[in-house]
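Novice: Need coordinates for the following:
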Amino acid sequence: MTDPRQELVQRLFQGTGETYDFMVNFATFGIDRHWKKKILAKVPPTSTGVLDLACGTGIVTFAIAERFPHCRVIGVDMTKEYLDVARSKATIRKVTNVEFIHQRAEEVSFNEPFDCVTASYLAKYANLQQLTQNVKGMLKENGLFLMHDFTYPSTPWGSSLWELYFKLLQTLGSRFYPKWRTIFYGLPDVVRSSTWVSELTSSLHRYGYTQITIERLILGAATIITAKNGESKGPSPRGSHRG
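Specialist: The predicted model follows:
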């Protein structure tokens, strides 16, 4: 039986691969670039192997590969359409230290451990218990696990701005970019109902991760969570609120 999470991703993102890079920047008013820089800054600089889950068209994958040219970077995604775009970009850019694999994030497995595992915009769709357990088996000791995704703002004025933002995307964005209409109308419900932050932190504790950090971004509209596969050197979890 197909996982309903998998069906949701396929329904929302079908036919959007060629326009994804433009739209993720346009629809977030360029803020996604700011978030991606934060992700990149957290990747351990001595990494020789990084796994990027739900890599999509490879935005984060290429950023890591180009900053760390001696690092092997593997992108994994369940949407072949997006991987076709990523592989095309690798050829055009002549980036040779990347590899792309067509598979679900919860199911991918490697024998050689990674220094860092990243994932952007995956958490709200994932089976987090399965994913957290799987990632732990693919991380080196003291390796870093990083997840970033949208969250629903907790303040009244933040949530009001968030709701207005999606109303604009639904009315104006759908008119000019009809292929994205399903996302503009479907994504808000997914984000509103998601409890991925609490689910992920609970699962990280369950499977023995340490040094768990929670960083809220831009009015609470997104969150980055990091954790280490190693011995704790301080209190956990630790929440930080900036952006």
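Novice: For the rest of this, base every contact and every neighbour count on C-alpha atoms.
Specialist: Noted.
Novice: can you list the residues that contact stretch 102-111?
Specialist: By C-alpha atoms under 8 Å, 6 or more residues apart in numbering, the residues outside stretch 102-111 that reach it are 53-54, 76-80, 83, 126-127, 130-131, 134, 138.
Novice: What residues of it count as buried?
Specialist: Using 16 or more other C-alpha atoms under 10 Å as the test for burial, stretch 102-111 gives 102-106, 108.
Novice: Stretch 122-140 now?
Specialist: Per 16+ other C-alpha under 10 Å, stretch 122-140 contains these buried residues: 122-129, 131-140.
Novice: can you give me the helices in the protein?
Specialist: With helices called from DSSP state H, the chain shows them at 4-13, 20-26, 31-42, 59-67, 80-93, 128-136, 156-168, 174-176, 181-193, 196-206.
Novice: which regions of the chain lie under the pLDDT threshold?
Specialist: 1-2, 231-243 (pLDDT under 70).
Novice: mind checking the longest strand of it?
Specialist: The single longest strand within the chain, with elements called by DSSP state E, is strand 139-150.
Novice: how close does the most centrally placed residue in the chain sit to Gln103?
Specialist: Nearest to the mean C-alpha position of the chain, by C-alpha atoms, centre = their mean, lies Ser120 at 0.9 Å. Applying C-alpha to C-alpha, to the nearest Å, the value for Ser120 to Gln103 is 16 Å.
Novice: residues near Gly189, how many?
Specialist: I think there's a mix-up here, since residue 189 is Asp and not Gly. 10 (other C-alpha atoms under 10 Å).
Novice: Please name the residues that touch it.
Specialist: Asp189 touches nothing, counting by C-alpha under 8 Å, 6+ apart.
Novice: Fine by me, we can end here.
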